[in-house]
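Student: Mind looking at a prediction? Sequence and model below.
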Amino acid sequence: MTDAQETAADMPLRTPGGTPPDDGGTSAAEAPIPLLEPREGIPPVIADESALAEVIAAFAAGSGPVAVDAERASGYRYGQRAYLVQLRREGAGSALIDPVGCPDLSGLGEALSGVEWVLHAATQDLPCLREIGMVPTLLFDTELAGRLAGFPRVGLGAMVESVLGFVLEKGHSAVDWSTRPLPEPWLRYATLDVELLVDLRDSLEKELDRQGKLEWARQEFDAIASAPPAEPRKDPWRRTSGMHKVRRRRQLAVVRELWEARDRIAQRRDVSPGKVLSDAAIVEAALALPADAGALAALSGFGHRMGRRQLEQWQASVDRAKALPEARLPLPGQPVAGPPPPRAWADKDPAAAARLSAARTAVTALAERLNMPQENLIAPDAVRRLCWEPPKSPDADVVAAALTGYGARPWQVEQVTPALVATLVAKGE
């Protein structure tokens, strides 16, 4: 263990403002210390079943929470699969596991069942961990903890620096983690990502407890751990960047055909869809409705580097869209369950617009008093739904029940119900 790492447990907790709490003798925050090497060095990458069995046994025998992280190859490969899993636990040290060589980590997941997993921005990593059999039953999300505690910057590097006083390397977060073999500097970076995660968790737990928010955080963590897998997105092609320019139904059909053709190719090649054809090129073709491959080649994104065969392939998608009967053309926008977009409220229901404006003001004021982002205090969608169809008798029990039905946790219901009741009563007079 380096001298720098030995001081981690002894450093005073730095509060959301960035300075240590007043302990009667602590001076201003010291300069952060670069964290350059893992305390036990870089562990070997586990890529076969026998080595994995040893890691499972070691981590099952460890004590306390387990730090967990995963690296993906977003922007390089198709999908969001994990290409490296990092773990650290007291008594077991750190481990780096290659999910390509060990695609089934359900045995490790089972060995850690009932153990608290410490993740940073858990909702980003949980889907890819679930794919390989790792599903936590208990978790602590250090990013969410930072939000609830009022830290202005909640990235892992910023949190480690502001809370523990160490600087993590930032250079390899967006590299192609599907590369094999993984370079040593990348493995060092990955190991350091879990090096102080449990220390960060412990400090944040103390800060949340000091602020009276620890139970709130536990309810949030439980909600994440118990949430079912996300449903597949309906009409994912509608999320193409630049779609706001596409207004006619025939043009929408071109976007859909090109997006779906691109997705099939990207999945077959195992590359990021953007490497096959850019969103900008899809939108350009939809707006232009080119008559043939020659006209398509003149558009931005379909330039000289693209071969004739590729151009004809994309033009075939355009032609399919152009040939669709009117009844099969996609409609503008998606059917929305629940209230319309807030920008339309003033025209559709001025009274609802007034309720929403007042409710947002009340929630913002309360969030500022509690020193947390308003979206963590209560989901904006819950407020919109409540204001669009308010209860006839907006007393505390009725509003609390409505918020619970919209997915609010008990602590959120307790905090925001009085303010929202007052707003609904005032705007209903």
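Tutor: Thanks, I have it. Numbers count the residues shown, from 1 in each chain.

Student: how about low-confidence regions in the chain?
Tutor: Along the chain, segments meeting pLDDT under 70 span 1-29, 335-336, 429.

Student: try 90 this time
Tutor: Applying pLDDT under 90 to the chain flags the ranges 1-31, 169-174, 230-233, 303-307, 332-338, 427-429.

Student: in it, which residue is closest to the centre?
Tutor: residue 124 (3.8 Å; C-alpha atoms, centre = their mean).

Student: Three-state assignment for that residue, please.
Tutor: helix (DSSP: H, G, I helix; E, B strand; the rest coil).

Student: Also residue 88?
Tutor: Assignment for residue 88 (three-state DSSP): strand.

Student: ok, it touching residue 196?
Tutor: No. Contact criterion C-beta atoms under 8 Å: residue 88 and residue 196 do not qualify, at 9.0 Å. Where you see a C-beta, it was placed from the backbone N, CA and C, and this is true even at glycine.

Student: State the phi and psi torsions of the nearest residue to residue 122 once chain neighbours are set aside.
Tutor: The shortest distance from residue 122 to any non-neighbouring residue, by C-beta to C-beta, 6 or more residues apart in numbering, is to residue 141 (4.3 Å). Residue 141 adopts backbone torsions of phi -100, psi 110, taken as degrees, to the nearest 10.

Student: Can you give me the neighbour number for residue 141?
Tutor: Per other C-beta atoms under 10 Å, the neighbour tally for residue 141 reads 25.

Student: residues in contact with it?
Tutor: When contacts are counted by C-beta atoms under 8 Å, 6 or more residues apart in numbering, residue 141 touches 119, 120, 121, 122, 123, 220, 221, 224.

Student: Tell me which two in those are the farthest apart.
Tutor: Based on C-beta to C-beta, the longest span within the contacts of residue 141 runs between 120 and 220 and measures 14.3 Å.

Student: Between those two, which is the more surrounded one?
Tutor: Between residue 120 and residue 220, residue 120 has the larger neighbour count (other C-beta under 10 Å), namely 27 against 21.

Student: Double-check residue 135 against residue 109; I have them as touching.
Tutor: Yes. The pair residue 135 / residue 109 is scored as a contact, 5.8 Å apart, by C-beta under 8 Å.

Student: Those two: which is more packed in?
Tutor: residue 109 (19 against 16).

Student: show me the contacts for the more buried one.
Tutor: Residues in contact with residue 109, defined by C-beta under 8 Å, 6+ apart, are 133, 134, 135.

Student: which among the residues you listed gets closest to residue 46?
Tutor: Of these, the one sitting nearest to residue 46 (C-beta to C-beta) turns out to be residue 134, at 13.7 Å.

Student: how many other residues sit next to residue 161?
Tutor: When neighbours are counted by other C-beta under 10 Å, residue 161 registers 20.

Student: Secondary structure class of it, three-state.
Tutor: helix.

Student: What separation do you get for the nearest residue to it once chain neighbours are set aside and residue 50?
Tutor: Once flanking residues are discounted, residue 161 sits nearest to residue 32: 4.9 Å by C-beta to C-beta, 6+ apart. Taking C-beta to C-beta, to the nearest Å as the measure, residue 32 falls 40 Å from residue 50.

Student: ok, now residue 37?
Tutor: 28 Å.

Student: Of the two, which one has the most company?
Tutor: The neighbour count for residue 37 versus residue 50, taken as other C-beta under 10 Å, is higher for residue 37 (15 against 7).

Student: a markdown table for the contacts of residue 109, including distance to residue 253?
Tutor: Formatted as a markdown table, these follow (distance: C-beta to C-beta, whole Å):
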| residue | distance to residue 253 |
| --- | --- |
| 133 | 40 |
| 134 | 40 |
| 135 | 39 |
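
Student: possible to save the residues you listed as JSON lines with secondary structure?
Tutor: Conversion of these to JSON lines gives the following (three-state DSSP):
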{"residue": "133", "secondary structure": "coil"}
{"residue": "134", "secondary structure": "coil"}
{"residue": "135", "secondary structure": "coil"}
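
Student: Which of these sits closest to residue 375?
Tutor: residue 135 (25.6 Å).

Student: how close does the closest one sit to residue 191?
Tutor: Residue 135 is 23 Å from residue 191, by C-beta to C-beta.

Student: With residue 392 instead?
Tutor: Distance from residue 392 to residue 191, by C-beta to C-beta: 58 Å.

Student: and the two? which has more neighbours close in?
Tutor: Shown here are residue 392 and residue 191; by other C-beta under 10 Å, residue 191 has more neighbours (23 against 6).

Student: three-state assignment of the closest residue to the more buried one other than its chain neighbours?
Tutor: In space, and not counting its chain neighbours, residue 191 is closest to residue 38: 4.4 Å by C-beta to C-beta, 6+ apart. Using three-state DSSP, the structure places residue 38 in coil.

Student: how deep is residue 38 tucked in, by neighbour count?
Tutor: For residue 38, the neighbour count with other C-beta under 10 Å is 22.

Student: isn't residue 237 right up against residue 259?
Tutor: Yes. If you go by C-beta under 8 Å, residue 237 and residue 259 touch, sitting 3.7 Å apart.

Student: So for the two, which sits in the more crowded spot?
Tutor: Neighbour count, other C-beta under 10 Å: between residue 237 and residue 259, residue 259 has more, with 22 against 18.

Student: Can you tell me the element the more buried one falls in?
Tutor: helix 249-269 (DSSP states H and E).

Student: Can you identify the element that follows that helix toward the C-terminus?
Tutor: The helix or strand immediately downstream of helix 249-269 is helix 273-276, counting by DSSP H and E.

Student: picking that back up, hey, C-alpha coordinates of the helix holding residue 259 in PDB?
Tutor: Extracted in PDB, the C-alpha atoms of helix 249-269 (Å, rounded to 0.1, in the frame of the first residue of the first chain):
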ATOM      1  CA  ARG A 249     -45.100  10.900 -42.900                       C
ATOM      2  CA  ARG A 250     -43.300   9.700 -46.100                       C
ATOM      3  CA  GLN A 251     -40.100  11.200 -44.700                       C
ATOM      4  CA  LEU A 252     -40.600   9.500 -41.400                       C
ATOM      5  CA  ALA A 253     -41.000   6.200 -43.300                       C
ATOM      6  CA  VAL A 254     -37.600   6.800 -44.900                       C
ATOM      7  CA  VAL A 255     -36.000   7.300 -41.500                       C
ATOM      8  CA  ARG A 256     -37.600   4.100 -40.200                       C
ATOM      9  CA  GLU A 257     -36.400   2.000 -43.200                       C
ATOM     10  CA  LEU A 258     -32.900   3.300 -43.100                       C
ATOM     11  CA  TRP A 259     -32.600   3.000 -39.300                       C
ATOM     12  CA  GLU A 260     -33.800  -0.600 -39.300                       C
ATOM     13  CA  ALA A 261     -31.500  -1.500 -42.300                       C
ATOM     14  CA  ARG A 262     -28.600   0.100 -40.400                       C
ATOM     15  CA  ASP A 263     -29.400  -1.700 -37.200                       C
ATOM     16  CA  ARG A 264     -29.500  -5.100 -38.900                       C
ATOM     17  CA  ILE A 265     -26.100  -4.500 -40.500                       C
ATOM     18  CA  ALA A 266     -24.600  -3.200 -37.300                       C
ATOM     19  CA  GLN A 267     -25.800  -6.200 -35.300                       C
ATOM     20  CA  ARG A 268     -24.500  -8.600 -37.900                       C
ATOM     21  CA  ARG A 269     -21.100  -6.900 -38.000                       C
END
